[in-house]
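> What would the 3D arrangement of this be:
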Amino acid sequence: MRVRLSHKAEKELVRLNEPIRGRIVNALDALEYVKPKGDIKPLVGSLYSRVRVGNYRILFLIDDDEIRVHSIQPRGQAYKGRRK
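A predicted model of the protein is given here:
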């Protein structure tokens, strides 16, 4: 599968400090496998899933042969506005 970052996710990734950015890039690389690895869970009431990387969450959507990353945010901010 191919991982594609949204414009928002790209901006969030660039703003992170180097150690956490490296860990997130490694997690994004791991998502490219046929069966993604890591702490992955679907979000309740949403089409998105998330990967936990320390205190950060990567929210993504699996679409056919592509993984579209929506955002990369700290845990406290990642889920705000997601539940209805």
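
> Can you name the residues that contact the spatially most central residue of the chain?
To find the centre residue of the chain, average its C-alpha atoms and take the closest one (C-alpha atoms, centre = their mean): that gives Ile58, at 2.1 Å. Neighbouring residues of Ile58 by C-beta atoms under 8 Å, 6 or more residues apart in numbering: Ala9, Ile24, Ala27, Leu28, Arg50, Val51, Val69, Ser71, Ile72. (C-beta placed from N, C-alpha, C; glycine too.)

> try Val69
By C-beta under 8 Å, 6+ apart, Val69 lies in contact with Val3, Arg4, Leu5, Ser6, Ala9, Leu28, Ile58, Leu59, Phe60.

> now the contacts of Ile58 in JSON lines, with pLDDT?
What follows is the contacts of Ile58, written out as JSON lines (pLDDT from 0 to 100):
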{"residue": "Ala9", "pLDDT": "96"}
{"residue": "Ile24", "pLDDT": "95"}
{"residue": "Ala27", "pLDDT": "91"}
{"residue": "Leu28", "pLDDT": "92"}
{"residue": "Arg50", "pLDDT": "93"}
{"residue": "Val51", "pLDDT": "92"}
{"residue": "Val69", "pLDDT": "95"}
{"residue": "Ser71", "pLDDT": "94"}
{"residue": "Ile72", "pLDDT": "96"}
